[in-house]
Structure formats: C-alpha cells, structure tokens
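Enquirer: Any chance you could fold what I've pasted below:
(chains A and B)
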Amino acid sequence: MKAIITVIGKDSIGILAKVSASCSDADVNIVEVTQSVLQDMFAMVMLVEIDKSNIEFDQIQESLNKVGKITNTKIHIMHEDIFNSMHKI
Amino acid sequence: MLETKDILETINMIENEHLDVRTITMGISLLDCIDENIDKACTKVYDKICRSAKDLVKTGEDIQKEYGIPIINKRISVTPIGMVAAPCQSKKVVKFAHTLDRAAKELGVNFIGGYSALVQKGFASGDYALIESIPEALSETDFVCSSVNIGSTKAGINMDAVKMMGRIVKKTAEITADRNCIGAAKLVVFCNAPEDNPFMAGAFHGVGEADTVINVGVSGPGVVRAALAKSGEGKDITEIADMVKKTAFKITRMGQLVAKEASKRLCVPFGIVDLSLAPTPAVGDSVAYILEEMGLEVCGCHGTTAALALLNDAVKKGGVMASSHVGGLSGAFIPVSEDAGMISAAENGYLDITKLESMTAVCSVGLDMIVVPGDITPEVISAIIADEAAIGMVNTKTTAVRLIPAVGRKAGDELNFGGLLGKGPVMPVRKGSPEVFINRGGRIPAPLQALKN
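Expert: Residues are numbered from 1 along each chain as shown, chains lettered A, B, ... in the order given. Okay, the predicted model is just below:
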C-alpha cells in the first residue's frame, strides 16, 4: 500500500532529514518527494510504500507526529487512495 | 504523482473546514427474529445485532486512522420494530427498546435507529402499541431513536396518526423534561420516509433492503462555504452552482471510498452514500453560512428559499456522479439547533417557523430540531406535522418534523442540549387553533399524480 506524507510548517534546518530518518527507521520506502518553500512556509509531499514497514500504520503515524513536534510542523500520513478518489475521475 | 495543491487542498478540508464522514450506518434486518414470545424475540434481536455489527466500530476506527478521514459516528438501523413486534402477544413493546439500547451499548455505537412504525395508510397490528410506547422507550434508553412515517405521496396522510403523534411528541418532551426534553430530539415524524437513510434520528432499515447493508452519510458544509468564500466573489449564480457541484463531488468521492472500504472489510454489501450537508454547532460547519456566503445578509431574509434550492440541487448533481449508489435523504439539512448560523439567525429574529417551513419545500428534510414553547398544545404540534407532511406529499419528497416542546419555557428562552444536538431559542408558533381540523381524524387522500398540465 502506498501512502502520502505531508509536512507543512515554518521552514527550518533538517526537516527533510528528520522525516526521512523516521521513514527509514520504520522500513518505509520513499518513492517520490516534492517540496516547496513559499516565503518561509515549508510544504513537502512524499509518496511512500509502507507494505514492508516493520511497524503498524498508527505507529508510523505516532513517530511522524513526534518529528512534527520537534520540527514545529504539521505532519500527516494518509492512504494514497483518498487523494486519488477525490482528485481523479 | 498527484498534484501537491490537490493534496494540500484535501488536508486543508479536513484540518480547517470540518470535512468528515458523518456516519457509517449498518442496516440490519430483524425480520428473521420475529417470534410470538416477546422475550424470545428480544433475545434473537440482541444476538443478531451483536453478531452482525460486532466489528463495526473497530472497522470505522481503522479506516479513520489509515485514511486520515474523521468518521464521527458509527450507527445501526434496524427493521421498524412495529413489524417485528406485530405477532407478539405481550404488549410490552418497550422491551424491544431496552434490547436495542443494550445492544448499542455492548457494541459501542453512537445511536441505534428503528424504533419505528410505518402507518402512512393505516395501523397494522403492533403499530398502535409501538407508538404509544415511544415516550417511555425514549426516556428509559440512551441511544435508541424513533421515527413514525405518517404519510406518503402514494398513500396520502394518515390524519389519525398525525393526531396521535402530536400527543406523543408532547408527552415524550414532558417525560424527559428533567433532561432538556431530550426524548423529543430522538423522535422524527416523516412523510415519504426513505428506507436507506443513515442519518439519525430517522434511520430505519426498510423491508426491501438486504439482510445487512452499509450506508454512509457524508457531510461538509464547511468545505462548501470555504470554496465559495475563496473564489465566489463577483461570480454569477451559474458559477456559484458549479462551484457547489464540484465541491460536493469531492466530498462524495471520499464518502464512496469509505463506504466501499467499510463494506469490503465487514463483508457486508454496500448500500448507498447519502450526500447530505449535515451541519454541526461548530462554527464554520453551518449550512446557514453557505447561504450567507452566497450573498444573503442573514439566513432567513427574503431570498433564502431560492439560495437553499440552488444549494440542495447542486449538492445532488455533484454527488450523484461521484458515487455508484446514492440514496437516503441526500441534500442540505437545516436543523436549527445544530447549525451555528441558524441559531444566530433565529436568536436575532431573522428566522421563524414559517420561513423555515417554506425552506423545507426545497431542502432535503424538514422542520428539524426546532424548539417550541412548552405550553404548545398537541393539536398545534399535529397541525405543524400535517402542514409539513402535505409539503412532502404534494412535492414527492421526504419531509420530517422533529420539534422539541421546551417544557416550562416560553418563546425567547433557550434550550441547550450540548454536543452535536446544539442549542436553540424557543420559537413562537402561529396563533389560532387547528383543533377541530385535527380531531376529525381520517385520511388526506393521495394527491393526483397525473393531469399535471
């Protein structure tokens, strides 16, 4: 199953590194990353594969929430299908 | 890959605009639980509900976690108990209400609907006893919801039932007066009741439905309002309607996804998606605010009915293409006490019961969650029900009445339920007595369906 991680917040050093580290700890494979910084707002979208993850979905969620707290950003991880169904016919 | 802006739009809808799936409702047929012995029947009912819905709450929570969509309620609707109770020799029908309540508590669902009777053309065995037991049932249980269908376009309006329901609504409020008359908030009187409605308090599982079925109700007035606020300025009405349609499409696609996933995980057939804009008292999650965003100074001013008609229709058009099966009530709800914009309009005197009545001719439900003075007579309640049912009957649409007579309070006071049911100012009703009309009983004949030229 593929999921989408979004990170939104104020830009600071090491956000990408910390999120990636959290993914790699959980054996979550990053497929694609796009990021943009508008003024000082940071928005990153990651497409990840979580089939081979060594932990449950809600544990991934929890570890990302922790990264969110450290980096002062809002991090969501959601099933890819929700975006596909809402934005593709 | 998906566009970043689309992804962020979805996240924003959920985070800031109150997008959610309002309910996953499992419909369960109780026809195979019928028994002459009421205690045996109750045991079968309890066992069947607990067996069929044992994974409902957990599945809802799992989907919520994985997909990141809030799923607010998990509910159950059952075959109208009036039918299940029909052959029982004992008239202690209220035992069924206790059974349903016990099952709801065991399973952890938010509500269980179906303490209902369908009497649009007449009373069958069991219906009388059921209706008479409604006040007791709603006061002695926490999660049971009740509804009575008293009219339809094909059958006309059963005025004997209308008369009876005036008394029952009042008694239900009185018997729960110490709890803000909460009983009346769990009782709906319908005309043309849909058999696959997932929303409470009017949900029941129709006799034409499968043994078990999953129906999903979506919501999202906040999302529609935000879309209009973002890019509605200077646009004409055609463009506004298009914007509502596009937003409704996205909301419904999400509901469809949840419905399909829930149906797959529970191994229960998917029934329908009900594409309703269901407000909550949370600021920003209001249907009234959508109407105001369209350009009305306040909900209730002249123009409100037209704006609501446009909204109701556009929601359906957008939603229909997004789901394989649409049903239930589908449209815009206008429950006064549950909608921050309606509450404020009513408090400031812009919205009264007559304006609401005309709005119900074009919205998806009816006079919903309206608090009326405690000294209202049963005949006036019956007459309000009859008026509303007549609108539904003639226009071939569902209408409903959920009035809360606020015992001990008069027009201008306030009744506060808290939570999703919100609060509402006590609204005055019109003067003059319909007593003789209501006490005649009988039936209003079904309206002409041809010769429409």
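Enquirer: pLDDT weak spots in chain B?
Expert: When residues are selected by pLDDT under 70, those of chain B lie in B:1, B:452.
Enquirer: got the residues of it near chain A?
Expert: For chain B, the residues in contact with chain A (CB under 8 Å from any CB of the partner chain) are B:1-4, B:6-11, B:15, B:65-69, B:250, B:253-254, B:256-257. Heads up, the C-betas are built off the backbone N, CA and C, glycines and all.
Enquirer: Excluding chain neighbours, what is closest to residue B:328?
Expert: Spatial nearest neighbour of residue B:328, excluding adjacent residues (CB to CB, 6 or more residues apart in numbering or on different chains): residue B:274 at 3.1 Å.
Enquirer: Is that neighbour located within a helix, as I assumed?
Expert: No. Applying DSSP: H, G, I helix; E, B strand; the rest coil, one finds residue B:274 to be strand, outside a helix.
Enquirer: now it: how far from chain A?
Expert: 17 Å (CB to the nearest CB, to the nearest Å).
Enquirer: As a check, name the ranges of all strands in the chain.
Expert: Assuming you mean chain A. Under the criterion DSSP state E, chain A contains strands at A:2-10, A:29-38, A:41-49, A:73-79.
Enquirer: meant chain B, my bad for not saying
Expert: Using DSSP E, the strands found in chain B span residues B:21-28, B:71-78, B:111-118, B:144-152, B:156-158, B:187-191, B:212-218, B:270-277, B:331-332, B:367-373, B:399-406, B:414-416, B:423-425, B:443-444.
Enquirer: Kindly reformat these as a markdown table containing mean neighbour count.
Expert: Compiled in a markdown table, those are given as follows (neighbours: other CB atoms under 10 Å in any protein chain shown):
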| stretch | mean neighbour count |
| --- | --- |
| strand B:21-28 | 29 |
| strand B:71-78 | 24 |
| strand B:111-118 | 28 |
| strand B:144-152 | 28 |
| strand B:156-158 | 24 |
| strand B:187-191 | 30 |
| strand B:212-218 | 27 |
| strand B:270-277 | 29 |
| strand B:331-332 | 26 |
| strand B:367-373 | 25 |
| strand B:399-406 | 27 |
| strand B:414-416 | 17 |
| strand B:423-425 | 23 |
| strand B:443-444 | 16 |
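Enquirer: Next, format the ones you listed as a markdown table and append distance to residue B:437.
Expert: Shown next, in a markdown table, are those (distance: least, CB to CB, whole Å):
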| stretch | distance to residue B:437 |
| --- | --- |
| strand B:21-28 | 37 |
| strand B:71-78 | 34 |
| strand B:111-118 | 23 |
| strand B:144-152 | 15 |
| strand B:156-158 | 12 |
| strand B:187-191 | 17 |
| strand B:212-218 | 36 |
| strand B:270-277 | 33 |
| strand B:331-332 | 30 |
| strand B:367-373 | 18 |
| strand B:399-406 | 17 |
| strand B:414-416 | 28 |
| strand B:423-425 | 28 |
| strand B:443-444 | 11 |
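Enquirer: who wins for proximity to residue A:86 among those?
Expert: strand B:212-218 (11.6 Å; CB to CB).
Enquirer: since we're on the residue of chain A found nearest chain B, how many residues are nearby?
Expert: Residue nearest to chain B within chain A (CB to the nearest CB): residue A:78, separated by 3.5 Å. By the criterion of other CB atoms under 10 Å in any protein chain shown, residue A:78 has 21 neighbours.
Enquirer: Residues in a beta bridge with it, which ones?
Expert: Residue A:78 forms beta bridges with residue A:4, as assigned by DSSP bridges.
Enquirer: Equivalent analysis for residue B:28, please.
Expert: Counting by DSSP bridges, residue B:28 forms beta bridges with residue B:78, residue B:212.
Enquirer: my guess is it contacts residue B:48, does it?
Expert: Yes. Using CB atoms under 8 Å, residue B:28 makes contact with residue B:48 at a distance of 6.6 Å.
Enquirer: ok, the residue nearest to residue B:17 when sequence neighbours are not counted - contacts?
Expert: Distances taken as CB to CB, 6+ apart place residue B:222 nearest to residue B:17, at 4.1 Å, with adjacent residues excluded. Residue B:222 makes contacts with B:17, B:18, B:19, B:282, B:284, B:285, B:286, as judged by CB atoms under 8 Å, 6 or more residues apart in numbering or on different chains.
Enquirer: Taking the centroid of chain A, which residue is nearest it?
Expert: Centroid-nearest residue in chain A, with CA atoms, centre = their mean: residue A:5, separated by 2.6 Å.
Enquirer: From residue B:353, how far out is residue B:286?
Expert: 19 Å (CB to CB, to the nearest Å).
Enquirer: which one of the two has more residues nearby?
Expert: Between residue B:286 and residue B:353, counted using other CB under 10 Å, residue B:286 has the larger neighbour count: 28 against 18.
Enquirer: Any idea which residue of the stretch 351-453 of chain B lies closest to chain A?
Expert: Residue nearest to chain A within the stretch 351-453 of chain B: residue B:364 (22.6 Å; CB to the nearest CB).
Enquirer: Settle this for me: that residue is touching residue B:278, isn't it.
Expert: No. Between residue B:364 and residue B:278 there is no contact under CB under 8 Å: 9.6 Å.
Enquirer: need the contact list for residue B:11.
Expert: A:6, A:8, A:76.
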